[in-house]
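In: here is my input; please provide its structure:
(chains A and B)
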Amino acid sequence: MKIATWNINGVKARVEAVEEWLKEASPDIACFQEIKSVDEGFPREIFEGLGYNVETHGQKGFNGVAILSKLPLEDVQRGLPGDDSDEQARYIEATVSTPKGAIRFGCLYLPNGNPLGTEKFSYKLGWMNRLIAHAEKRLAEETPFLLLGDFNVIPDPVDAAKPESWVDDALFQPESRQAFRALVNLGMTETVRACTEAPETYTFWDYQAGAWQKNNGIRIDHILLSPQATDRLNGCGIDKYVRGWEKPSDHVPVWVDLAAA
DNA sequence: ATGACTCCCTACGGGAGA
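Out: Just a heads-up that it's a prediction; the model follows:
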């Protein structure tokens, strides 16, 4: 069972590319971030036509997350718990039932946090603390659980082509990296790190200054697995080729293959 | 480096992104 995450950077601008990738990659579940659309504006019919059930948590103009699944989506939960005043659409969670039992997963778009020293950075760290608290609850249930999405965190220097150029950026702050480690250290497996030791493994290349052509990338899209999900891990991958398409997103899809039957 | 690109909006310039 293939479960993928992709920050598509606007569903209106990306619908053709997303359709093409879905046909080629054929994920069982796809988690999208930055749909930049309200729920009513999401082209669900197109994806339903490809055999997917669709659930969205959108807002106008920016942010927004969506789940596509070939299996029915159950117990859909919108928004990250822990702050009722948070109106940003950055989290959606659901369950699918497989022959081996239920799998629950959260699709997340973690705040960017720039610039440092502003409420944006404290919002990022607060959001990460809420995510840690929520993951702790889910892990206590001891059922397969995944967190997938755009974490907006560069975990380690090896995860950036030019780590020195990110030292003043929210994505590479010690506090951001520590919170990410705290999340993983709850007992989750950071999948791509577990699947490959290949250098220059990135998921994002800036649109500016020829970053893609120079392979000046960073690895910020991650898939974290609970122990029960890790037991089923068959493999993972990054669909890097999508970055070379016409009108690409600046992120590429990342996926895991879990034994489901 | 207040840069560069790209996407969005009751839009034609500014916010947000990373």
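
In: OK, contacts around the residue in the stretch 51-200 of chain A that DNA strand B sits nearest to?
Out: In the stretch 51-200 of chain A, no residue comes nearer to DNA strand B than A:Asn112, which is 3.3 Å away by C-beta to the nearest atom of the strand. Using the backbone N, CA and C atoms, a C-beta is placed for each residue, glycine as well. A:Asn112 makes contact with A:Lys120, A:Lys124, A:Asn152, A:Ala170, A:Leu171, according to C-beta atoms under 8 Å, 6 or more residues apart in numbering.

In: repeat for A:Ile220
Out: With C-beta under 8 Å, 6+ apart, A:Ile220 has these contacts: A:Asp150, A:Phe151, A:Asn152, A:Val153, A:Ile154, A:Asp159, A:Leu171, A:Thr203, A:Phe204, A:His251.

In: can you map out the helices along the stretch 51-200 of chain A?
Out: According to DSSP state H, counting those that start in this stretch, the stretch 51-200 of chain A carries its helices in the segments A:119-140, A:174-184, A:191-195.

In: from A:Ile8, how far out is the residue lying closest to A:Gly58 once chain neighbours are set aside?
Out: Excluding its sequence neighbours, the residue lying closest to A:Gly58 (C-beta to C-beta, 6 or more residues apart in numbering) is A:Gly64, at 3.8 Å. Per C-beta to C-beta, to the nearest Å, A:Gly64 is found 10 Å from A:Ile8.

In: shared neighbours, those two?
Out: A:Gln33, A:Glu34, A:Ile35.

In: thinking the second one is in contact with A:Trp6, fair?
Out: What it means is A:Glu34. No - A:Glu34 sits out of contact with A:Trp6 when judged by C-beta atoms under 8 Å, with a separation of 9.5 Å.

In: okay, those two: which has more neighbours?
Out: It is A:Trp6, of A:Glu34 and A:Trp6, that has more neighbours when counted by other C-beta atoms under 10 Å, with 30 against 23.

In: tell me who's in contact with the more buried one.
Out: Here A:Trp6 is in contact with A:Val18, A:Trp21, A:Ala30, A:Cys31, A:Phe32, A:Gln33, A:Asp221, A:Ser249, A:His251, A:Val252, A:Pro253, A:Val254 (C-beta under 8 Å, 6+ apart).

In: which bits of the stretch 101-250 of chain A sit near DNA strand B?
Out: Applying C-beta under 7 Å from any atom of the strand, one finds that the stretch 101-250 of chain A approaches DNA strand B through A:111-112, A:114, A:120, A:150, A:152, A:171, A:204, A:206-209, A:218, A:220, A:247, A:250.

In: which one among those gets closest to A:Glu48?
Out: A:Lys247 (23.4 Å; C-beta to C-beta).

In: confirm that closest one sits in a strand?
Out: No - secondary structure assignment (DSSP: H, G, I helix; E, B strand; the rest coil) places A:Lys247 in coil, not in a strand.

In: the residues of the stretch 101-250 of chain A next to DNA strand B in strands, which ones?
Out: Taking DSSP state E, the ones among those that sit in strands are A:Asp150, A:Phe204, A:Ile218.

In: so the second one is in contact with A:Asn215, correct?
Out: No - in this structure A:Phe204 lies outside contact range of A:Asn215 using C-beta under 8 Å: 11.7 Å.

In: give me the residue at the spatial middle of chain A.
Out: Centroid-nearest residue in chain A, with C-alpha atoms, centre = their mean: A:Gly149, separated by 0.8 Å.
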